[in-house]
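In: Quick one, what's the 3D model for this:
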Amino acid sequence: MSVLGTAQGATTGRFDRRRPSLRLMRPFAVVCGIGLLVALLPPYESPSWVLGGAAAVYAAIVAMGVASHRRPERSWLDPAAAYLAFLFVALVRDASGGAASGLSALLFVPILWLAITGSSRSLYSAGVLAGITIMGPVLLIGGSDYPVADWRRALILVVIAVVLGRVVQRIVVRLERETQAARTATEQSERLFLDAPHGVAVLDTEGRIRFVNAALCGLVGLPPDELEGTDFAELGPPGDLAIADHLARLREDVSRSSASDCVLRDYRGQDIHVALSSRLLRPVREGDEDTVLVNVADVSERRRYEDRLAHLVDHDVLTGLANRRRFDAELQRHLERCRRYGQSGAVLLLDLDNFKQVNDSLGHNAGDQLLVTIGGILRRSVRDTDVVARLGGDEFAVLLTDGDEAGAERVGHTVVDRVREHAATLDGVRRRVTASVGAVTFQAASEHATDILALADMTMYDAKEAGRNQVAILREGDLRPPKFSARLQWQSRIEEALERDRFELHLQPIMNLATGRISSAEVLLRLRDEEGLVPPSRFVYIAERTGLMPQVDAWVVDNSLATLARLREIEPEFELEVNLSGHSIGHPDIEETIRSSLARHDVDPSALILEITETAAVADVGLARAFAERMTDLGCAFALDDFGAGFGSFYYLKHLIFDYVKIDGEFVAHVHESQVDRTIMRSIVGIARDLGKRTVAEFVSDPEILEVVRAEGVDFAQGFLIGRPVPYDEFVLQFMSPATHPPADPAAPKEPTGVHRGA
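Out: From the prediction side, this is the model:
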């Protein structure tokens with residue numbers, strides 16, 4: 001019997017089994033009693049009609065007893081009726097002269113009947129009544145006149161019947177409990193099957209549906225009578241063999257369950273993603289067929305959520321284009337194809353000129369809308385097989401999967417023209433926003449043996465330096481622009497400087513305005529080669545573009561901490577500020593270098609101040625904050641450098657962790673001449689003080705500037721007036737003496753504004 005059939009049968013039988021009512025037994029008991037009285041009247045005779053009537057009445061009572069059921073409303077008439085019947089047995093046996101001695105065994109039947117159908121109280125009551133029935137006449141009329149010759153034997157049989165009845169009664173009670181438990185389990189299984197929140201189907205071994213529950217019917221939108229008897233695989237889309245394969249795997253290995261993600265099609269023709277879990281059920285009774293139990297869980301919502309997450313992982317949220325991760329994966333896939341089938345295609349890197357002015361003049365919403373539009377222009381300018389990505393900010397990349405140098409140049413000019421035409425329609429930025437495009441074919445990249453994305457990036461900067469709003473392409477062969485060649489040489493020079501330790505650290509003093517002493521310094525990087533000392537402005541951006549900046553910063557951190565250890569031997573409270581590039585923030589190698597170098601040089605972490613520029617933090621505020629939290633837990637301090645250079649300064653004050661605010665030189669260099677600059681400085685100092693932070697004024701190059709800075713409550717001053725960047729030995733000689741004071745020559749040279757890292 002099937003799961004559904006068994007459950008339905010148990011449920012129905014529980015309420016449909018009925019036995020004769022107690023009211024039907026009472027008339028028989030009365031008839032039996034009257035017949036007994038007639039039979040006992042003297043002189044005692046045994047007419048045939050009495051024997052026949054007694055046998056008929058007894059047979060009827062026994063039949064009703066076998067068919068009866070335990071009822072809580074059972075009364076004393078049950079044992080009375082039983083033992084009146086017992087007395088009839090005795091009378092019939094004696095009246096027949098022993099001819100019916102075989103009927104003696106029926107003395108057990110009434111008591112056993114009560115054992116099966118009655119309670120223990122009824123059984124004991126019946127035993128007492130039997131004793132009274134047997135012994136009463138003996139006491140009244142004497143043993144010699146008693147109709148039952150062997151009343152002692154009858155009494156013994158009654159006792160035996162009561163004892164056996166109690167044993168049988170316990171067995172019956174236990175069987176009824178087990179039966180009830182089995183019935184309850186069956187009903188629960190039925191409810192679990194019918195009311196399961198997910199779809200459930202019972203199939204035969206051929207895959208045809210035998211039973212379904214309401215959830216599966218609701219899932220596909222069909223009633224049970226239309227589903228039962230059909231092939232379960234037919235619920236899938238036409239030509240889809242996923243369900244058939246799922247059931248086939250189950251038949252191949254019946255010892256385990258089968259789980260698969262499949263698609264069902266509902267009555268409207270719409271696909272539903274489901275998770276199938278099936279198991280082969282062996283029959284309980286011999287001769288029954290195997291069945292397959294299939295659980296069907298609707299995972300459409302989960303599938304949509306996973307697809308959305310997968311899309312977000314590989315696509316830019318704003319424009320919907322591929323992101324850097326997806327572009328790198330597609331680029332690697334195409335490089336593999338080129339290695340196998342030959343070089344083909346190109347990479348175009350695009351950067352919007354003057355995009356910052358859009359955000360400044362029209363707001364970030366206008367800037368975001370422009371980026372979305374540019375993304376649409378790029379998609380319409382290439383084929384469907386090409387890949388368009390937003391790498392970050394206003395930088396886009398295009399992977400042309402097929403084509404030559406002329407085709408890449410043609411696409412580049414198309415993009416430049418369309419961007420310029422679109423920008424001409426925008427109020428406020430007309431003739432300002434343009435595009436600079438760098439294009440490199442895979443053939444050219446293979447000739448230079450350099451990363452194609454780095455080549456495209458450098459070529460794009462050739463377009464910017466050539467006047468912007470144009471395309472620069474790296475030609476195949478020997479025709480290479482001199483500027484581009486110089487950048488390639490700089491990459492090699494940086495790599496060689498790292499290998500041969502050709503970088504140098506210079507220190508620029510920082511004065512504590514409260515004490516007038518040099519209490520700290522900023523580390524500034526230099527590169528020494530055939531040209532002499534090279535400032536970072538000439539090579540840092542190339543290191544950033546070629547991915548070398550984390551290695552450079554790791555070198556700077558390690559050597560800075562070695563220098564700090566030496567300085568603290570002279571001045572135990574001395575502190576050192578070290579700049580970190582935005583490309584190094586959160587980089588695991590940088591964090592490991594900081595931890596290991598602090599331990600190796602035995603430097604107090606609180607003496608190390610890590611500087612993060614505001615413009616570097618804008619790339620990923622969350623990443624910058626997480627990095628600052630980890631380093632702060634280590635004990636390091638943080639300085640927010642170039643504060644005011646960006647347009648979201650107050651946002652960074654709220655979301656970044658820092659101890660110092662370094663006021664950008666743009667607001668310091670003319671603070672003694674410009675009331676606007678002085679007001680801005682005053683507001684920055686006030687905010688920092690309220691937040692419990694200290695301030696550093698950069699570009700202090702004039703005594704008048706120093707006076708204003710001190711008057712406005714700035715904590716520290718840094719600039720050419722305080723001291724120029726110098727090597728370690730010269731720094732110790734000039735600034736580590738207790739008698740050292742900052743120069744006050746009014747003719748001291750002015751610092752150039754807008755130059756970072758001590759250039």
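In: can you tell me how far residue 264 sits from residue 579?
Out: 60 Å (CB to CB, to the nearest Å). For every residue, glycine as well, the C-beta is placed using N, CA and C.
In: Quick one: the helices in the stretch 351-500 of the chain, in order.
Out: 355-362, 364-381, 405-423, 442-448, 452-465, 482-500 (DSSP state H, counting those that start in this stretch).
In: buried set for the third one?
Out: Along helix 405-423, these residues count as buried under the neighbour rule (16 or more other CB atoms under 10 Å): 405, 408-409, 411-416, 418-419, 422-423.
In: a markdown table please, covering the helices of the stretch 351-500 of the chain and showing distance to residue 275 and mean pLDDT.
Out: Below are the helices of the stretch 351-500 of the chain laid out as a markdown table (distance: least, CB to CB, whole Å; pLDDT from 0 to 100):
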| stretch | distance to residue 275 | mean pLDDT |
| --- | --- | --- |
| helix 355-362 | 47 | 72 |
| helix 364-381 | 35 | 88 |
| helix 405-423 | 45 | 91 |
| helix 442-448 | 43 | 87 |
| helix 452-465 | 41 | 83 |
| helix 482-500 | 52 | 75 |
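In: which of those helices sits most buried?
Out: Of all those, helix 452-465 carries the top mean neighbour count, a mean of 22, counting by mean count of other CB atoms under 10 Å.
In: and the angle from that one to helix 405-423?
Out: 50 degrees (axes from the mean of the first three to the mean of the last three CA atoms, to 10 degrees).
In: elements contacting helix 452-465?
Out: Counting contacts by 3 or more CB pairs under 8 Å, 6 or more residues apart in numbering; DSSP states H and E, helix 452-465 is packed against helix 324-341, strand 346-353, strand 434-441, helix 442-448, strand 471-474, helix 482-500, helix 540-545.
In: residues making contact with it?
Out: 331, 335, 347-351, 353, 397, 436-440, 442, 444-445, 448, 470-474, 481, 483-484, 487-488, 491, 542, 545-547 (CB atoms under 8 Å, 6 or more residues apart in numbering).
In: change it to 7 Å
Out: 331, 347-349, 351, 436-440, 442, 445, 448, 470-474, 481, 483-484, 487, 545-546 (CB atoms under 7 Å, 6 or more residues apart in numbering).
In: Same question for stretch 716-729.
Out: Residues from elsewhere that reach stretch 716-729 (CB under 7 Å, 6+ apart): 504, 506-513, 522, 524, 563, 694, 696-703, 706, 709, 734-735, 742-743, 748-749, 751, 758.
In: So which of these are in helices?
Out: 563, 703, 706, 709, 734-735 (DSSP state H).
In: where's residue 259 relative to residue 205, distance?
Out: 19 Å.
In: same question, residue 327
Out: Applying CB to CB to residue 327 and residue 205 gives a distance of 51 Å.
In: what's the burial count for residue 276?
Out: 22 (other CB atoms under 10 Å).
In: Can you list the buried residues in the stretch of helix or strand it belongs to?
Out: Per DSSP states H and E, residue 276 falls inside strand 271-281. Judged by neighbour count using 16+ other CB under 10 Å, the buried positions of strand 271-281 are 272-278, 280.
In: following it, which helix or strand comes up?
Out: Assigned by DSSP H and E, the successor of strand 271-281 is strand 291-298.
In: what's the angle between that next one and strand 271-281?
Out: Using the same axes, to 10 degrees: strand 291-298 against strand 271-281 is 150 degrees.
In: Give the other helices and strands that strand 291-298 contacts.
Out: strand 199-204, helix 214-220, strand 271-281 (3 or more CB pairs under 7 Å, 6 or more residues apart in numbering; DSSP states H and E).
In: The first one pairs with which strands, parallel or anti?
Out: Here the strand partners of strand 199-204, with direction, are listed using DSSP bridges: strand 209-212 (antiparallel), strand 291-298 (antiparallel).
In: could those go into TSV alongside mean pLDDT?
Out: Output for the strands paired with strand 199-204, formatted as TSV (pLDDT from 0 to 100):
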stretch	mean pLDDT
strand 209-212	85
strand 291-298	84
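In: Just name the most buried of those.
Out: Mean neighbour counts for these (mean count of other CB under 10 Å) peak at strand 209-212, with a mean of 23.
In: For burial, what's the neighbour tally of residue 235?
Out: When neighbours are counted by other CB under 10 Å, residue 235 comes out with 24.
In: From residue 296, how far out is it?
Out: Distance from residue 235 to residue 296, by CB to CB: 9 Å.
In: Could you do residue 575 as well?
Out: Applying CB to CB to residue 575 and residue 296 gives a distance of 67 Å.
In: And for residue 702?
Out: Distance, residue 702 to residue 296, using CB to CB: 80 Å.
In: Show me the shaky parts of the stretch 51-200 of the chain.
Out: Where the stretch 51-200 of the chain drops to pLDDT under 70, the residues are 51-155, 157-158, 161-162, 164-165, 169, 186-195.
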